[in-house]
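Asks: Quick one: sequence plus predicted model below, questions after.
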4 protein chains.
Amino acid sequence: MGEDSLDGLRQRLAEFARARDWEQFHSPKNLSMALIAEAAELVEHFQWRSEEASYRLPPETLREVGLELADILIYLVRCADRLGVDLLAAAEEKVAINETRYPVERVRGRAGRAEEFRDPE
Amino acid sequence: MGEDSLDGLRQRLAEFARARDWEQFHSPKNLSMALIAEAAELVEHFQWRSEEASYRLPPETLREVGLELADILIYLVRCADRLGVDLLAAAEEKVAINETRYPVERVRGRAGRAEEFRDPE
Amino acid sequence: MGEDSLDGLRQRLAEFARARDWEQFHSPKNLSMALIAEAAELVEHFQWRSEEASYRLPPETLREVGLELADILIYLVRCADRLGVDLLAAAEEKVAINETRYPVERVRGRAGRAEEFRDPE
Amino acid sequence: MGEDSLDGLRQRLAEFARARDWEQFHSPKNLSMALIAEAAELVEHFQWRSEEASYRLPPETLREVGLELADILIYLVRCADRLGVDLLAAAEEKVAINETRYPVERVRGRAGRAEEFRDPE
């Protein structure tokens, strides 16, 4: 990824953990737990809001939600780093898979689980 | 973010959803649910593995885990986009907050909830 | 809880794990991960459905959702058991707390985080 | 379930929501979100603790964990109620399925995903 900003974040987080001697806590297992805990804080903002309301959050809530998204990205980058996974390369591979799995002509306007779209009967 | 690769992913995902008429399903509320569901698939890989084992996954499992991390990034980027949040800017802001909240000399070698490290005022 | 059916489930699950030598995997930490992974399978059924549609699931989906709810209960009972927590007693204590924290006259028709309803001191 | 205590909890929670006019927020979709948010608060207690440490929580933490377990049960019972699912009957059905899916002689001492145990090669 070279001088990519996601890679810059990866390096900064690695340094953050090393300086605090937190590498001992940052096993992939533990980081997956921290990640889902942050994902839940995002969910919590939306649980009693309607879908419509989730688009127009009050400014202070939007700011908090932005920081929850940041927390998720932080643990995601950190988890990928500890596993030696290139996150952007994996995302590009996955998008390519999705483009094959969900052909436009088959799934247009219908959301659902992948398996529903596999058998065209 | 300009020509950043995370921004490239954001654009590609927006186009993916638009082409399939899936924008109607991609409310922030719904995307937060999809995101946590993907985070749980990551957790599932680690739930019966020890911390030690979570570092040395079998190659096939590591590949699957990489694609789970990709799924999380995909929904994260998509959710930020639907909310108009600049994900990398938010992450940089949050890392700066964390650097203040967890001073090296105070938290070295001790993980825990933020509140444990705050001033005892 | 005596001859309560929740206690019967607790005993049956303890026996299930013992017979398979799975107690070694059933640490509270691991069970919390298994529990959230099951909770996510529930969420997955609802992520692209509207709130309205979530009330009227197709019969086959409702059956699957019922089994996801069962999986959550199973890990919940198992986690409480491994921690020595009396689940029903804890629930009764928590409901009593909630009745105090959310007085009818204050919160009627307004959902939200607890802190929004607390005294503004 | 008759005079079962889990059914008593179900009735008490239904009354709690009705008195506060919160039924409007308690769609199965929203309750699944609240449930997973509570499950994440449980996970959070364990994310930086080792498996061993997860068995021997400090008393104050154990009390908090007990109340998190209670919160999960509360939303689980509430979600089942809104869907018309008999939670204990579903759990009994699922345990019976698991007893068939994971025969003692096949899985003894090996945890893993169900699919790993299906093919006895």
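Replies: Arrived safely.

Asks: contacts, neighbours, all on C-alpha from now
Replies: Noted.

Asks: Next, the contact list for residue A:46, please.
Replies: If you count contacts by Cα atoms under 8 Å, 6 or more residues apart in numbering or on different chains, residue A:46 has them with A:54, B:28, B:29, B:32.

Asks: Just list the residues touching the first one, thanks.
Replies: Contact criterion Cα under 8 Å, 6+ apart gives A:46, B:27, B:28, B:29 as the residues in contact with residue A:54.

Asks: which one's the longest helix in chain A?
Replies: Longest helix in chain A, counting residues (DSSP state H): helix A:59-83.

Asks: in that helix, what counts as buried?
Replies: Of the residues in helix A:59-83, A:62, A:65-83 count as buried by neighbour count, 16 or more other Cα atoms under 10 Å in any protein chain shown.

Asks: and the two most separated of the contacts of residue A:54?
Replies: Using Cα to Cα, these reach their maximum pairwise distance at A:46 and B:27, which is 10.3 Å.

Asks: Now the one helix or strand in chain A whose mean pLDDT sits lowest: buried residues?
Replies: Each helix and strand of chain A was given a mean pLDDT (mean pLDDT, DSSP states H and E); the minimum falls on helix A:104-107 at a mean of 89. Using 16+ other Cα under 10 Å as the test for burial, helix A:104-107 gives A:104, A:107.

Asks: same thing with stretch A:21-35?
Replies: A:21-23, A:25-35.

Asks: quick one on the thing from earlier: reformat the contacts of residue A:46 as TSV; add secondary structure.
Replies: TSV is the format used below for the contacts of residue A:46 (DSSP: H, G, I helix; E, B strand; the rest coil):
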residue	secondary structure
A:54	helix
B:28	helix
B:29	helix
B:32	helix
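
Asks: Output the below-cut-off pLDDT ranges for chain A.
Replies: A:1-3, A:112-121 (pLDDT under 70).

Asks: Identify, from the buried residues of stretch A:21-35, the entry nearest to chain C.
Replies: For the buried residues of stretch A:21-35, the residue nearest chain C by Cα to the nearest Cα is residue A:33; the value is 7.4 Å.

Asks: thought that closest one was touching residue D:43?
Replies: Yes. The pair residue A:33 / residue D:43 is scored as a contact, 6.5 Å apart, by Cα atoms under 8 Å.

Asks: what is in contact with those two at once?
Replies: Common contacts of residue A:33 and residue D:43 (Cα under 8 Å, 6+ apart): residue C:33.

Asks: Could you tell me the phi and psi values at residue A:110?
Replies: phi -120, psi 110 (degrees, to the nearest 10).

Asks: Spit out the contact partners of it.
Replies: By Cα under 8 Å, 6+ apart, the residues touching residue A:110 are B:21, B:22.

Asks: Could you check how far it is from residue A:82?
Replies: Going from residue A:110 to residue A:82 by Cα to Cα, to the nearest Å gives 37 Å.

Asks: How about residue A:12?
Replies: As judged by Cα to Cα, residue A:12 and residue A:82 stand 14 Å apart.

Asks: Same check on residue A:95?
Replies: Taking Cα to Cα, one finds residue A:95 at 23 Å from residue A:82.

Asks: Just say helix, strand or coil for residue A:57.
Replies: Residue A:57 ends up coil, using three-state DSSP.

Asks: so how many other residues sit close to it?
Replies: Residue A:57 has 16 neighbouring residues, counting by other Cα atoms under 10 Å in any protein chain shown.

Asks: And for residue A:8?
Replies: 13.

Asks: Who's the closest spatial neighbour of residue A:109, skipping the chain neighbours?
Replies: Computed as Cα to Cα, 6 or more residues apart in numbering or on different chains, the closest residue to residue A:109 that is not its neighbour in sequence is residue B:21, at 4.7 Å.

Asks: Helix or strand: which one has that neighbour?
Replies: Counting by DSSP states H and E, no helix or strand carries residue B:21.

Asks: got the contact list for it?
Replies: Shown in contact with residue B:21 (Cα under 8 Å, 6+ apart): A:108, A:109, A:110.

Asks: which parts of chain A sit against chain D?
Replies: A:25, A:30-31, A:33-34, A:36-37, A:40-41, A:43-44, A:47-48 (Cα under 8 Å from any Cα of the partner chain).

Asks: Closest to residue C:103 out of those?
Replies: Taking Cα to Cα as the measure, residue C:103 lies nearest residue A:48 of the residues of chain A next to chain D, at 18.3 Å.

Asks: And residue A:70, how far from residue B:101?
Replies: Computed as Cα to Cα, the residue A:70 to residue B:101 distance reads 16 Å.

Asks: re earlier: hmm, who's touching the longest helix of chain A?
Replies: Here helix A:59-83 makes contact (Cα under 8 Å, 6+ apart) with A:6, A:9-10, A:13-14, A:26-28, A:31-32, A:34-36, A:38-39, A:41-42, A:45, A:86-87, B:55, B:62, B:66, B:69, B:72-73, B:76, B:80, B:83, B:85, B:87-88, B:90-91, B:93-94.

Asks: heading toward the C-terminus, what's the first helix or strand past it?
Replies: For helix A:59-83, the following helix or strand on the C-terminal side (DSSP H and E) is helix A:87-101.

Asks: Fine by me, we can end here.
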